[in-house]
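J.: Structure for the following, please:
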Amino acid sequence: MNPAPEPRGEQTVPAALDLGLVGNCTFNALFDRTGTGVWCCMPRPDGDPVLHALLGKASVGDAQGLFSVDIANLAESQQRYVPNTALLETKLIDRAGNAVQVTDFAPRFTDRGRTFRPLMLVRTIRPLHGSPTVTIRLRPSFNYGGQRPEITRGSHHVRYYHAGQALRLTTDMPIAYVIDETPHILDRPINLLFGVDDTVDRNIGDLAREFAERTEDYWRRWVRALAVPLEWQDAVIRAAITLKLCTYEETGAIMAAVTTSIPEAPGTERTWDYRYCWLRDAFFVVRALNGLSEVATMENYLRYLANIVHKSEPSRHLQPVYGIGLESAIPERQLTSLSGYEGNGPVRVGNQAHEHHQHDVYGHAVLAATQAFFDHRLLRPARIADFHRMEWLGVRALELADQPDAGIWEFRTRAAVHTSSSVLCWAACDRLAKIARHLELDDRRAHWEEAARGIRAAILERAWSETRGAYVANFGGVDMDASVLLMSEVGLLTVDDLRWKKTLAAIRADLKRGTHLFRYVAADDFGAPKMAFTACTFWYVDALARAGETAEARELFDDLLAHRNRLGLLSEDIDPLTGKQWGNFPQTYSMVGIINGAIRLSGRWESVL
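T.: A predicted model of the protein is given here:
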């Protein structure tokens, strides 16, 4: 089989979130198609967005929260990632053909045996053709757009300060041009280093070039070690880099997305803060990267997870989401300082889900750790002591498998016994049994096998609806839910199970709209959903592939890839009518689907070697 052609660089459907992500696993920044920085949180990726233009106008004058490189009389912009890296290049061309290239990246490379990942955004602007006139506009703000900074200048830097927090722009261009936003002819390359208030004591141009070369080399070497499938390689590589950038390496946390409050649909209050670590989402990220033989992310995440499990053991309650610094409390509040994405508010900070009881989390915690007991490559393989420290997760899963919770979709005002939660409780006990067998702990193996059998029997009896002829969202209910697809994905049902085949058909009939899948169609706390949930469509693709329906699976998979933005990134939701992306960005759930789908559907390397 020959490799499938890569999708064209220009998306075939609208992608309003036409943004590029750069970062270094310490912080992230988003740039629009003209190279304007519209989102960047410092000093942590869940902190104050000092660049916030993505979420609209601020309530204080000209605190626009952007970092732009404007070329006079702009006629065209082109944008791409340097292949196999996290370096973003933007070409700006004016009406006379004058052109500049902006290269944006966050330094990341190995230095003196450690990973160097400073809180520094590097921007290099160089003339390509003619005599372009450019204007540099850096307008950060603090307190979510609520406070303009005090500005001071030095010989080669500008300092932006408020209430104990300081940012610094160090540059080899005239400082007066930065402060006064002076249009000037770009006759040589200039470099801008923006980040925390650290002094740069080297030649700025030399430093920027060295950091660019070493960062590009780091990412190329990282990509070279990936075990990519034969087909859709570029899509998989971009997804893998994006997932890596959504990690907070200092603690091992994995964020669901790098943004807050991009709505799931226009005119709705479904605006959430996703800059935290959902144990559910983190498991899917870990598993996807493991599928590419990138296990370092799993090892680092398991360090984070071990801390969460340890601090949660006394209460025997595992939250579905935690802060990236292990914070248990991430209280949700609404802001008035920003108008919201495309005018859609409210803008929220924090997430109420940290208060929820979502019982699937016990299964996702165990699933994330399972490979560590079997993989001989790891620097610290899991051992018997680790197994015993995890067993309380299985105890809770057994206790809660038939109890009401908020469910995987985090319903805020109602509870039920959700099938997907029970399925993941089964998975917790099933994997503990497998680990115990591997560790030759026969008594614990027998205990967890019996526990898993009991939960499975209850699911098969109580989640089945004779009325619908399918497994449904809740025990005793009748509504369909895409999360039921996890029954096959985690191995509770085999693909040749007759009831599973009927369930797959019912999901297709009830939840599929065109080429997209909804999570559910019944009204929830905020009314009936309007958007398809991209991860669910990927789950459906996976279920089709498992069932041998590869033609439809490949068709839907290629369609999903066509909905990526020009740089290969996906958000949380897609409008099935217009193809426009909505929801927080980039969404790890969605990027995971690219990797899993390609691995599942790709031809084998042996076919071309």
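J.: alpha carbons only for contacts and neighbour counts from here, please
T.: OK.
J.: the helices in the chain, which residues?
T.: Per DSSP state H, the chain has helices spanning 175-179, 204-224, 233-245, 279-291, 296-312, 360-370, 384-400, 419-438, 442-462, 486-489, 498-511, 534-546, 550-562, 588-601. These are given in chain order.
J.: Now render those helices as a markdown table, adding mean neighbour count and distance to L17.
T.: Written out in a markdown table, the entries for the helices of the chain read as follows (neighbours: other C-alpha atoms under 10 Å; distance: least, C-alpha to C-alpha, whole Å):
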| stretch | mean neighbour count | distance to L17 |
| --- | --- | --- |
| helix 175-179 | 16 | 28 |
| helix 204-224 | 17 | 24 |
| helix 233-245 | 23 | 15 |
| helix 279-291 | 23 | 21 |
| helix 296-312 | 18 | 27 |
| helix 360-370 | 26 | 30 |
| helix 384-400 | 18 | 38 |
| helix 419-438 | 26 | 30 |
| helix 442-462 | 18 | 40 |
| helix 486-489 | 19 | 29 |
| helix 498-511 | 17 | 25 |
| helix 534-546 | 24 | 14 |
| helix 550-562 | 18 | 14 |
| helix 588-601 | 24 | 14 |
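J.: and of the ones you listed, who's closest to A58?
T.: With C-alpha to C-alpha as the measure, helix 175-179 is the member of the helices of the chain nearest A58 (20.1 Å).
J.: quick one: average confidence on that closest one?
T.: Model confidence over helix 175-179, given as mean pLDDT, is 96.
J.: repeat for stretch 239-257
T.: In this model, stretch 239-257 has an average pLDDT of 98.
J.: Kindly report the same for stretch 598-605.
T.: Mean per-residue pLDDT for stretch 598-605: 96.
J.: again, but for stretch 554-567
T.: When the per-residue pLDDT values of stretch 554-567 are averaged, the result is 96.
J.: How about stretch 505-524?
T.: For stretch 505-524, mean pLDDT is 93.
J.: Would you mind finding the longest strand in this protein?
T.: In the chain, with assignment by DSSP state E, the single longest strand is strand 120-129.
J.: which other helices and strands contact that one?
T.: Counting contacts by 3 or more C-alpha pairs under 8 Å, 6 or more residues apart in numbering; DSSP states H and E, strand 120-129 is packed against strand 99-105, strand 190-196.
J.: looking at these, which is closest to I459?
T.: With C-alpha to C-alpha as the criterion, I459 lies closest to strand 99-105 of the helices and strands packed on strand 120-129, at 48.6 Å.
J.: Could you list the low-pLDDT ranges of the protein?
T.: When residues are selected by pLDDT under 70, those of the chain lie in 1-15, 59-63.
J.: and the helices and strands packed on strand 120-129, which is most packed in?
T.: Between the helices and strands packed on strand 120-129, the one whose residues have the most neighbours on average, counting mean count of other C-alpha atoms under 10 Å, is strand 99-105 (a mean of 24).
J.: Note down every partner strand of the longest strand of the chain and its orientation.
T.: Take DSSP bridges as the rule and strand 120-129 pairs in its sheet with strand 99-105 (antiparallel), strand 190-196 (antiparallel).
J.: Distance to R412 for the helices of the chain - can I get that in a markdown table?
T.: As requested, these are exported to a markdown table (distance: least, C-alpha to C-alpha, whole Å):
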| stretch | distance to R412 |
| --- | --- |
| helix 175-179 | 47 |
| helix 204-224 | 40 |
| helix 233-245 | 28 |
| helix 279-291 | 18 |
| helix 296-312 | 22 |
| helix 360-370 | 16 |
| helix 384-400 | 19 |
| helix 419-438 | 16 |
| helix 442-462 | 24 |
| helix 486-489 | 22 |
| helix 498-511 | 22 |
| helix 534-546 | 20 |
| helix 550-562 | 30 |
| helix 588-601 | 21 |
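J.: Out of these, which gets nearest to Q79?
T.: Comparing the helices of the chain under C-alpha to C-alpha, the one sitting nearest is helix 233-245, at 14.5 Å.
J.: So which elements touch that closest one?
T.: Judged by 3+ C-alpha pairs under 8 Å, 6+ apart, helix 233-245 is in contact with strand 20-23, helix 588-601.
J.: Next, format the ones you listed as a markdown table and append distance to R114.
T.: Rendered in a markdown table, the data for the helices and strands packed on helix 233-245 read as follows (distance: least, C-alpha to C-alpha, whole Å):
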| stretch | distance to R114 |
| --- | --- |
| strand 20-23 | 17 |
| helix 588-601 | 26 |
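J.: Of all those, which one is nearest I136?
T.: When the helices and strands packed on helix 233-245 are ranked by proximity to I136, the top entry is strand 20-23, at 19.2 Å, counting by C-alpha to C-alpha.
J.: Check which helices and strands that closest one sits against.
T.: The helices and strands touching strand 20-23, judged by 3+ C-alpha pairs under 8 Å, 6+ apart, are strand 28-31, strand 88-94, strand 99-105, helix 233-245.
J.: Swap in 7 Å and give it another go.
T.: Packed against strand 20-23, as judged by 3 or more C-alpha pairs under 7 Å, 6 or more residues apart in numbering; DSSP states H and E, are the following elements: strand 28-31.
J.: what lines up beside the strand it packs on in the sheet?
T.: Take DSSP bridges as the rule and strand 28-31 pairs in its sheet with strand 20-23 (antiparallel), strand 37-41 (antiparallel).
J.: ranking these by burial, who's on top?
T.: Scoring the strands paired with strand 28-31 by mean neighbour count under mean count of other C-alpha under 10 Å gives strand 20-23 as the most buried, with a mean of 27.
J.: chain center to it: distance?
T.: Put simply, strand 20-23 sits 12 Å off its chain's centre (C-alpha atoms, centre = their mean, to the nearest Å).
J.: Pull the residues that contact that strand.
T.: Judged by C-alpha atoms under 7 Å, 6 or more residues apart in numbering, the contacts made with strand 20-23 from elsewhere in the structure are 28-32, 86-87, 105-106, 245, 567.
J.: And stretch 281-288, by the same measure?
T.: With C-alpha under 7 Å, 6+ apart, stretch 281-288 has contacts from 243, 254, 256, 297-298, 364, 368, 588-589, 592, 595-596.
J.: can you name the two of those residues that are farthest apart?
T.: Top of the distance list for the contacts of stretch 281-288 (C-alpha to C-alpha): H364 and I595, 18.9 Å.
J.: hang on, the earlier thing: next, format the strands paired with strand 28-31 as a markdown table and append distance to E391.
T.: Formatted as a markdown table, the entries for the strands paired with strand 28-31 read as follows, by distance: least, C-alpha to C-alpha, whole Å:
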| stretch | distance to E391 |
| --- | --- |
| strand 20-23 | 36 |
| strand 37-41 | 37 |
